[in-house]
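Q: Fold the following for me, if possible:
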Amino acid sequence: MAILLDHVIVPSHEPIEGAKLLAELLGVPWEASSDPFTPVYVNETLTLDFAHREQFESHHYCFHVSDDEFDAILGRIEARRISYRSRPRGDDDMRINTRLGGKNLYWQDADRHLWEILTASYARAGAA
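A: As a prediction, the model looks like this:
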């Protein structure tokens, strides 16, 4: 059996709002509340469980997506006027990085988590 990541806890000050926004950007389903979690169903094997926390450090979450999915997500990010950038750190430059021959971008949510979408991954390029 392949080893698959099943779920990740995403700490949040406002888990319902955070889960709803991410689900809308990714175009995936979510549930308003499944106390104590607000789940976002990324795919058939991965759930992101948003959970209320008072204090936490920000985290980086990255999704490997197809070119079509990338374009659709970028369209939803732009429609919501969410700032994004081409690098994990620095100012929002509203640009797409084309490293590894693919595309990637980053945005931060209200909890200061850094979200990334990419079409070519380091692991698949042999740089992991």
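
Q: When you work out contacts or count neighbours from here on, use the C-alpha atoms and nothing else.
A: Will do.

Q: residues contacting residue 46?
A: By CA atoms under 8 Å, 6 or more residues apart in numbering, the contact list for residue 46 reads 5, 6, 7, 8.

Q: redo that, cut-off 6 Å
A: Going by CA atoms under 6 Å, 6 or more residues apart in numbering, residue 46 touches 6, 7.

Q: Same question for the one 5 residues further on.
A: For residue 51, the contacting residues are 11, 12, 15, 37, by CA under 6 Å, 6+ apart.

Q: before we move on, which element is the residue nearest the centre of the chain in?
A: Nearest to the geometric centre of the chain sits residue 115, at 4.1 Å (CA atoms, centre = their mean). Secondary structure from DSSP states H and E places residue 115 in strand 114-118.

Q: ditto for residue 49
A: Counting by DSSP H and E, residue 49 is found in strand 47-52.

Q: May I have the following helix or strand past that strand as PDB, with CA atoms only?
A: Next helix or strand after strand 47-52 toward the C-terminus (DSSP H and E): strand 60-64. C-alpha atoms of strand 60-64 as PDB (Å, rounded to 0.1, in the frame of the first residue of the first chain):
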ATOM      1  CA  HIS A  60       3.400  26.800   4.600                       C
ATOM      2  CA  TYR A  61       1.000  24.500   2.600                       C
ATOM      3  CA  CYS A  62       1.700  23.600  -1.000                       C
ATOM      4  CA  PHE A  63      -0.500  22.000  -3.600                       C
ATOM      5  CA  HIS A  64       0.800  20.400  -6.800                       C
END
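
Q: What pairs with strand 60-64, parallel or antiparallel?
A: Applying DSSP bridges to the sheet, strand 60-64 is found paired with strand 114-118 (parallel).

Q: Give me the distance from the strand it pairs with to the chain's centre.
A: How far strand 114-118 lies from its chain's middle: 5 Å, per CA atoms, centre = their mean, to the nearest Å.

Q: One more: stretch 84-91?
A: 14 Å.

Q: what comes up buried for it?
A: Across stretch 84-91, burial judged by 16 or more other CA atoms under 10 Å covers 84, 85, 86, 87, 88.
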